[in-house]
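J.: The sequence and its predicted three-dimensional model are supplied below.
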Amino acid sequence: MKSVKLIFVAVFILTSFATSIAQVGYNPLSVRPILEDDIMYRKRVERRINLKEKQNLPFFAQDRLITLIILDGVAAGEITPYNEGIGADSLVPKYVMKPEDWKKNILDSNTTGSAIEPKDITILDITEDYIFDKRRSRMYIDILSVKLVVLPNAAGGGAGVLSVLAQFRYKDLHEYFKKVYARSNQTQAFWFNPKNDRRKLCYSDAFDLRLFSSRIIKISSPADEKIGEERTGEYATSLKQLYRSQEIEYELMEYEHNLWEF
């Protein structure tokens, strides 16, 4: 009996060791991790998705709001909200948002005293890595996290300040959307196809296919600032910030093109 226990313990230790070794060199936030040694180029980008834009309405269809699905997931304990911030050591257990802080954020975002409604959460900020995998010789866009953001004055929210309710690991959302989509018999967590009701997609697939409109609001830099964050100088106006966002978009495309060209 003792030998059986020793064998069980040995197998458990070896399995745990193998699992930890397998994770070395990979980004734990990635849905489809790429070995660090295979990455020739990486650029971290933050994008803003306005769910009320026409192209994004399939994520925000009547009674099928992506924000509602996420809030329900938190309430059911199926997904974990994190405090804002992402980096090499972020979105790990010590950054998990406490239940009381989550409830406080939901209430503080609405000056009426009642909890914020899913329809009032109209902004998703996503953080992603542009990665060129030299082994496969192609560029990947790896979504790492998603923030729920409330606009100023939305449902009585604070004036002039964007309110971040919480940040989520996209890896968690990716799996959660698939589960909800499957167990609801494709009646929830789906991207509403405006052309064909029969051909809907799980939110996870819609994100993978980049079926959303967005603009870049930040790209990794020594200053670590969002575009026009200081509200003065070269990118002081919203229009100039939009132009800069488009410039960065073209620069990323041009870089990928040049990799293939040369």
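T.: On my side now, so go ahead.

J.: can we go C-alpha only for contacts and neighbour counts from here?
T.: Noted.

J.: Distance from the chain centre to stretch 166-178, please.
T.: When C-alpha coordinates are averaged (CA atoms, centre = their mean, to the nearest Å), stretch 166-178 and its chain have centres 7 Å apart.

J.: Begin at 44, not 1, for the rest of this chat.
T.: Understood, numbering begins at 44; the last thing we discussed is stretch 209-221.

J.: got a list of contacts for that stretch?
T.: Residues outside stretch 209-221 that contact it (CA atoms under 8 Å, 6 or more residues apart in numbering): 72-74, 113, 116, 121-128, 134, 140, 145, 186-192, 232, 245-247.

J.: which of these are buried?
T.: Among those, the ones that count as buried by 16 or more other CA atoms under 10 Å are 72-74, 113, 116, 122-127, 134, 140, 145, 186-192, 232, 245-247.

J.: Those residues in strands, which ones?
T.: If you go by DSSP state E, the buried ones among the contacts of stretch 209-221 have 186-192, 245 in strands.

J.: Not counting sequence-adjacent ones, nearest residue to Ile82?
T.: Asp176 (4.8 Å; CA to CA, 6 or more residues apart in numbering).

J.: swap in Asn148?
T.: Nearest one to Asn148, counting by CA to CA, 6+ apart, is Leu208 at 5.6 Å.

J.: how about the strands in this structure?
T.: For the chain, strands defined by DSSP E occupy the ranges 82-93, 103-104, 107-108, 166-176, 181-193, 206-212, 233-234, 244-245, 258-262.

J.: Let's have these in CSV, adding distance to Lys269 and mean pLDDT.
T.: Listed next are these as CSV, based on distance: least, CA to CA, whole Å; pLDDT from 0 to 100:
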stretch, distance to Lys269, mean pLDDT
strand 82-93, 9, 93
strand 103-104, 26, 94
strand 107-108, 27, 92
strand 166-176, 12, 94
strand 181-193, 15, 93
strand 206-212, 15, 91
strand 233-234, 29, 96
strand 244-245, 31, 94
strand 258-262, 4, 92
